[in-house]
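J.: Here you go, sequence then predicted model.
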Amino acid sequence: MTDHSKLSALLVVALAALSIPAQAQDDAGNGERRTRIILGPQLSPSWPGADKFSVGPYIDVSRTRDSEFEFEAPDESFGSPLVHSGNFAFGPAFGFIGKRKASDIGADLPKVGLSVEAGGFAQMSLTPSLRVRVEGRKGLSGHKGWVGEVSADYIARQGDDWLFSIGPRVTLGDAKYHRAYFGVTPAAALTSGLPAYDPGGGIQSAGVTAGYHRMLGKNWGLAVYGRYDRLVGDAADSPVTRELGSRGQPSGGIALSYTFGGGR
């Protein structure tokens, strides 16, 4: 799950921390339940289209009862399934994007405040080795637009000993979202020196994510991931991207995992 500011990091860590006491209590009442915590740093673009990077937390909390942990892509938004029905699941999804100021981007463009996004996801495991997922989130602050992602992952694993995944990503945004990060109003054109630009909604980027997790012993493990997105369409053609940012959007992280509970 990706985060783009120190405040984002604190919010995610706080949400995860709030869930741990309840998990620990469940573990005490049922020795078959296991919990795995993944925590480490990750590097990602400071805002959509940025050529600068921010360090945030690479964090995940998973639980299982007498079975292997369910697959989660390393770049998923924060959230967990509320409903499972066979190979189908859906639930809430949350995201954060750090604020973008004129001094950060290097031109007199309007500030985009910290964006807190809330929405939901649906996913389907077509086979044990192939999962597809769609997600949509609404900005409650900051850009206040809609964003979405369509993803697929090929999964190879040996139980919980090791797991490798790789798959394509397509991100989308509505016109309000794209105007916040890639648009230049006539007024902003006068102050920034950039040409006026009014992007519409649609596909923002296409990319790929690969992740790997391996146990190093009974409790400890190592998780790494890398992701690369390439801006396309209106986002790629924006003067903000061409003159002040980058079409290439790499990110990645490395973390330790700790598994406890159960009889394994």
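T.: Cool, got the structure.
J.: just the helices in the stretch 1-150 of the chain please.
T.: Under the criterion DSSP state H, counting those that start in this stretch, the stretch 1-150 of the chain contains helices at 6-29, 102-105.
J.: can you tell me which of those helices the model trusts least?
T.: Least confidently modelled of the helices of the stretch 1-150 of the chain is helix 6-29, at a mean of 42 by mean pLDDT.
J.: who are the neighbours in contact with A122?
T.: Residues counted as contacts of A122 (CB atoms under 8 Å, 6 or more residues apart in numbering) are 88-90, 133-135. Quick note: C-beta positions are derived from backbone N, CA and C, even for glycine.
J.: quick one: it from I166, how far?
T.: Applying CB to CB, to the nearest Å, the value for A122 to I166 is 21 Å.
J.: In the stretch 151-264 of the chain, where is pLDDT below threshold?
T.: 263-264 (pLDDT under 70).
J.: Could you list the low-pLDDT ranges of the stretch 1-150 of the chain?
T.: 1-31.
J.: at 80 what do you get?
T.: 1-32, 66 (pLDDT under 80).
J.: ok, which stretches of the stretch 151-264 of the chain are helices?
T.: Under DSSP H, counting those that start in this stretch, the stretch 151-264 of the chain gives helices at 175-182, 186-192, 233-237, 239.
J.: winner for burial among these?
T.: helix 175-182 (a mean of 23; mean count of other CB atoms under 10 Å).
J.: which strands and helices sit next to that one?
T.: strand 146-158, helix 233-237 (3 or more CB pairs under 8 Å, 6 or more residues apart in numbering; DSSP states H and E).
J.: Just send the ones you listed back as CSV, with distance to K176 too.
T.: Below are the helices and strands packed on helix 175-182 laid out as CSV (distance: least, CB to CB, whole Å):
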stretch, distance to K176
strand 146-158, 7
helix 233-237, 13
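J.: and of those, who's closest to G79?
T.: Ranking those by their distance to G79 (criterion: CB to CB) puts strand 146-158 first, at 12.5 Å.
J.: Hmm, N87 is touching P128, no?
T.: No. Contact between N87 and P128 fails when scored by CB atoms under 8 Å: they sit 9.3 Å apart.
J.: Drop anything exposed from the contacts of A122.
T.: 89-90, 133-135 (16 or more other CB atoms under 10 Å).
J.: from these, which single one is nearest S44?
T.: Distances from S44 to the buried ones among the contacts of A122, taken by CB to CB, are shortest for E135, at 16.8 Å.
J.: give the contact list for that closest one.
T.: Per CB under 8 Å, 6+ apart, neighbours of E135: 77, 93, 119-122, 148-151.
J.: ok, 7 Å please
T.: Taking CB atoms under 7 Å, 6 or more residues apart in numbering, we find E135 in contact with 77, 93, 119, 121, 148-149.
J.: which one is it nearest to, not counting chain neighbours?
T.: Excluding its sequence neighbours, the residue lying closest to E135 (CB to CB, 6 or more residues apart in numbering) is F121, at 4.1 Å.
J.: The one you found reaches F94, doesn't it?
T.: No. Contact criterion CB atoms under 7 Å: F121 and F94 do not qualify, at 10.3 Å.
J.: Now do the shared contacts for those two.
T.: Each of G79 lies in contact with both F121 and F94 under the rule CB under 7 Å, 6+ apart.
J.: Looking at the two, which has the bigger crowd around it?
T.: F121 (22 against 18; other CB atoms under 10 Å).
J.: so what's that one bridging to?
T.: On the basis of DSSP bridges, F121 is bridged to G91, E135.
J.: residues touching G207, list them.
T.: Residues near G207 by CB under 7 Å, 6+ apart: 169, 227-230.
J.: Nearest to G40 among those?
T.: Of the contacts of G207, the one sitting nearest to G40 (CB to CB) turns out to be R227, at 15.1 Å.
J.: how near is that closest one to W146?
T.: Distance, R227 to W146, by CB to CB: 21 Å.
J.: which residue ranges form the strands in the chain?
T.: Taking DSSP state E to define them, one finds strands in the chain at 33-45, 53-65, 83-85, 88-97, 115-127, 130-139, 146-158, 162-173, 202-215, 220-231, 248-261.
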